[in-house]
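**Student:** How does the following fold in three dimensions:
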Amino acid sequence: MPLPNPFQFKPVSDVCRDADALRELAAAHTDWFISIDGRAPLNVNKDEFEFSAAHARLIFSCWTETGSTAWHVKGWNWTGEKLVLQASRRMGAEVATVELIPRASAKAIVASIAAARQERCEKLATLVSDYLSAKVEKSALSPGIRRDQPGRYARIILRLPPERIAVTGIVAESDVRNVDSLFSSTLLWFQRMLQSPKRPHIQRLLLVVERQIIDAARQRHVLLRDSLRERIEILLIDEHWNEITPVARFERKQLWRKRLTRFPPVNEAEASHQTEGVVTYAPSAIDTVASRHGQTLRYHGLPFARVRRVMNQDRIWFGIEGSRRRSLDEYHTRDWLKLLRDLGEYRSADCRDRRHWLYRASGEAWLESILRRDITKLDPGLIIAPLHAQFRTSHGGPTGARPIDLLALRHDGRLVVIELKVNEDREHVFQGVDYWRRVEAHRRRGHISSAKLFGDREISDESPLVYLVAPTLHFHPSFRTLAQTIAPDIEIYRFDINENWRYGVRVVRRERVNA
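**Tutor:** Have a look, this model is predicted:
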């Protein structure tokens, strides 16, 4: 949930004038920190973000180590210490408060955050040491995203003769959406502790979590290799951080007992004449995605128009990244044609300006759109259609349930969960495994067959395969280590694709990573 916003935003009235004012503010400082809805800040150079005016809207584009993103700025405020933006994206589906803090001003803020997290880390160390009647040997924070940023996790070593015990927990905001990050960071640290030559050797890990993420933590824990899972114990800490209690482990069979909502039958909407007319502008780039109230048109994965039926007539509204949608009529024809020209020029593999936000935005959606046209480019054993993109196994919201990039079926009847990345992402493995868990739960109940997600094709009585896909140089360095922490009965495959995948996807290597 976005954090409460105490700022009075100046609404964007003159797009070009506001863009000039913001560019002038940005140029005044070389290094900035960017934080979205109060989350961990990222350090960027002034050349790694920009403000631009396009299609009567103000766009904030940013490129960081976690990927590129673009926001539609609806209002802004400069406090003298930081620039605060009121922003949205994904056709207005996501709103956020974006803070840009000059590095000079950020030092004091980062120092106060680090001090608060270190204090919480020491409190956690005291609680666990009292719980075990052990001695605290070390209490520190994990490394931050950047060297000068505080980490989010406690790194505690306890001494309890004749053993040493590793302890970790979140000392920042605890959110179910960050559980994959918690497990990825924790397991990498624990693997290093297991290999440490210092005696006595560390053999156990205590993972301390708050109640809001306890179920998500146990769901990840039960999918680890037995040899690793037996070494990890989960503890629950109360909301006031005064008491710690042990938590019973999940058994694998408990994952399948949770009540699930059946999938509604799949009804493919027929393309309207208006939709077909738009697709003819660029048939190799524009695809149509059925939605509850009509259809969404995407240009290489980027939504740019919606078709809705109003008064027994199909009408088109267009706009990108949360901009004000306009009706396609005689008054807005020029804007519509300009949008199509810009998409054709900048949302293209041959784009000369590789820093343009239309080129860099929604990279994974672009890759997904290529594979949706012919999934056999990834694996010839997959059926071409039906193929389900951005497939939801449950409603989103506070559970943090994300849509699966692609859910496919092989000719042998086995389901395949496909997770795509175009930039390094440490959570790649655990995201894919969590999707596997959700699809397998529905498969066991027969929901996928009864909903006829793949027509009358028979679904195999075997668990799904997991395909993790990324350009060959953009798998995270820790990918292999994390993949090998997962139980071997969950079949995970790594697919390395060509770096210039925008010109066409080609698999350069495929291998099983957790046998």
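**Student:** what ranges do the helices span in the stretch 201-350 of the chain?
**Tutor:** 214-221, 226-229, 273-279, 333-346 (DSSP state H, counting those that start in this stretch).
**Student:** Output the last one as PDB, restricted to C-alpha atoms.
**Tutor:** Written as PDB, here are the backbone C-alpha positions of helix 333-346 (Å, rounded to 0.1, in the frame of the first residue of the first chain):
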ATOM      1  CA  THR A 333      -7.200  11.600 -34.800                       C
ATOM      2  CA  ARG A 334      -4.000  13.600 -35.000                       C
ATOM      3  CA  ASP A 335      -3.000  12.500 -31.400                       C
ATOM      4  CA  TRP A 336      -3.800   8.900 -32.300                       C
ATOM      5  CA  LEU A 337      -1.700   8.900 -35.500                       C
ATOM      6  CA  LYS A 338       1.200  10.600 -33.600                       C
ATOM      7  CA  LEU A 339       1.100   7.900 -30.900                       C
ATOM      8  CA  LEU A 340       1.200   5.200 -33.600                       C
ATOM      9  CA  ARG A 341       4.200   6.900 -35.300                       C
ATOM     10  CA  ASP A 342       6.000   7.200 -32.000                       C
ATOM     11  CA  LEU A 343       5.400   3.500 -31.200                       C
ATOM     12  CA  GLY A 344       6.600   2.500 -34.600                       C
ATOM     13  CA  GLU A 345       9.800   4.600 -34.300                       C
ATOM     14  CA  TYR A 346      10.800   4.000 -30.700                       C
END
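**Student:** for the record, mean pLDDT for it?
**Tutor:** If you average the pLDDT over helix 333-346, you get 94.
**Student:** got the contact list for it?
**Tutor:** Defining contact as Cβ atoms under 8 Å, 6 or more residues apart in numbering, one finds that helix 333-346 is touched by 54-56, 281-282, 285, 299, 302, 304, 318, 320, 326, 328, 351, 353, 356, 358-359. For glycine as for every other residue, the C-beta is placed from the backbone atoms N, C-alpha and C.
**Student:** The first one too?
**Tutor:** In this structure, residues lying in contact with helix 214-221 by Cβ under 8 Å, 6+ apart are 176, 179-180, 182-183, 207, 209, 229, 232, 234, 236, 247, 249-250, 255, 400, 430, 433-434, 437.
**Student:** Please state the offset of it from the chain centre?
**Tutor:** Using Cα atoms, centre = their mean, to the nearest Å, the mean C-alpha position of helix 214-221 is found 18 Å from that of the whole chain.
**Student:** Give me the phi and psi for the closest residue to His388 other than its chain neighbours.
**Tutor:** Spatial nearest neighbour of His388, chain neighbours left out: Leu407 (4.3 Å); criterion: Cβ to Cβ, 6 or more residues apart in numbering. Recorded main-chain torsions at Leu407 are phi -120, psi 120, according to degrees, to the nearest 10.
**Student:** since we're on Leu407, how many residues are nearby?
**Tutor:** Other residues lying near Leu407 total 24 when counted by other Cβ atoms under 10 Å.
**Student:** before we move on, what about the one 5 residues further on?
**Tutor:** Taking other Cβ under 10 Å as the criterion, the count of residues near Asp412 is 9.
**Student:** give me every residue that touches it.
**Tutor:** Contacts for Asp412 (Cβ under 8 Å, 6+ apart) come out as Gly381, Ser460.
**Student:** Name the residues linked to Ser61 by a beta bridge.
**Tutor:** Counting by DSSP bridges, Ser61 is bridged to Glu50, Ala70.
**Student:** any idea how far it lies from Val310?
**Tutor:** Ser61 sits 33 Å away from Val310, going by Cβ to Cβ, to the nearest Å.
**Student:** which one of the two has more residues nearby?
**Tutor:** The neighbour comparison of Ser61 against Val310 (other Cβ under 10 Å) goes to Ser61, with 21 against 9.
**Student:** these two touch, right, the more buried one and Thr69?
**Tutor:** Yes: assessed by Cβ atoms under 8 Å, Ser61 is found in contact with Thr69 at 7.4 Å.
**Student:** anything in contact with each of the two?
**Tutor:** Going by Cβ under 8 Å, 6+ apart, residues that sit against Ser61 and also against Thr69 are Ala361.
**Student:** thinking again about what came up before, show the buried residues in the contacts of helix 214-221.
**Tutor:** Buried subset of the contacts of helix 214-221 (neighbour count, 16 or more other Cβ atoms under 10 Å): 176, 179-180, 182-183, 207, 209, 229, 232, 234, 247, 250, 255, 430, 433-434, 437.
**Student:** I'd say the residue nearest to His388 and Val417 touch.
**Tutor:** Yes: at 6.3 Å, Leu407 and Val417 qualify as touching, with contact defined as Cβ under 8 Å.
**Student:** any residues in contact with both of the two?
**Tutor:** Taking Cβ under 8 Å, 6+ apart as the criterion, Leu407 and Val417 both touch Val439.
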